[in-house]
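1. this is the structure alone, sequence omitted:
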């Protein structure tokens, strides 16, 4: 009989609080990832969380203009996340936690996963064009996958609602 030691730090989250994380952006494939995560969360009694990352304002010559650009980006983020959150709530019956951050998407995503121990799965949508699955997927799969503490599910962006319903 071996004596397994529990890791120190925060206690693991309750099973009903385990969360599937989706990145909200303007890509077409994002809706596929959100639908997949929502259906899976509903069927597994989990939650879906949403992350939207705004890029830092480039225009810094006048502080007031830079601040206004930041405010507009935040307002746009809140509107978009609210629309996506309503879809998640309709499918899962649960209000999703929402994270809006400023910075580089990959960096903020990794920080959030490290900070929020209830995040159990990252769900991303893959682009359908010839350019590849998308820069975030390429970065995470090629360079960061072995360093993340959660698995990544990549949802093909060309799946229909009926196909997603059938596999979830």
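-> Here it is on my side, so go on. Because the structure is predicted, anything quoted here is derived from the model rather than measured.
2. what is the burial count for residue 115?
-> Neighbour count of residue 115, defined by other C-beta atoms under 10 Å: 9. Placement of C-beta: from N, CA and C, glycine included.
3. typo on my end, it should be residue 139
-> Number of residues near residue 139 (other C-beta under 10 Å) recorded here: 16.
4. now residue 101
-> If you count neighbours by other C-beta under 10 Å, residue 101 ends up with 16.
5. doesn't it fall inside a strand?
-> Yes - checked against DSSP: H, G, I helix; E, B strand; the rest coil, residue 101 lies within a strand.
6. show me what contacts it?
-> Residues touching residue 101, when contacts are defined by C-beta atoms under 8 Å, 6 or more residues apart in numbering, comprise 51-54, 108, 111-112.
7. got the end-to-end distance for stretch 42-52?
-> Taking C-alpha to C-alpha, to the nearest Å, stretch 42-52 runs 22 Å from one end to the other.
8. one step back: mind checking which of the contacts of residue 101 land in strands?
-> Cross-referencing the contacts of residue 101 against strands under DSSP state E gives 51-54.
9. make a markdown table out of those residues and add pLDDT, distance to residue 96 and neighbour count.
-> Supplementary listing: the ones in strands among the contacts of residue 101 in a markdown table, determined by pLDDT from 0 to 100; distance: C-beta to C-beta, whole Å; neighbours: other C-beta atoms under 10 Å:
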| residue | pLDDT | distance to residue 96 | neighbour count |
| --- | --- | --- | --- |
| 51 | 98 | 10 | 23 |
| 52 | 97 | 12 | 23 |
| 53 | 96 | 16 | 21 |
| 54 | 93 | 18 | 18 |
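10. between those, which is nearest residue 125?
-> For residue 125, the closest of the ones in strands among the contacts of residue 101 turns out to be residue 51, at 13.4 Å, with distances computed as C-beta to C-beta.
11. neighbours of the residue lying closest to that closest one once chain neighbours are set aside, how many?
-> On the basis of C-beta to C-beta, 6 or more residues apart in numbering, the spatially nearest residue to residue 51 that is not a chain neighbour turns out to be residue 99, at 4.7 Å. For residue 99, the neighbour count with other C-beta under 10 Å is 21.
12. one step back: nearest to residue 84, of the contacts of residue 101?
-> Nearest to residue 84 among those is residue 52, at 8.4 Å by C-beta to C-beta.
13. mind checking how far that closest one is from residue 37?
-> For residue 52, the distance to residue 37 (C-beta to C-beta, to the nearest Å) stands at 15 Å.
14. need the longest helix for the protein.
-> When the chain is parsed with DSSP state H, its longest helix is helix 63-92.
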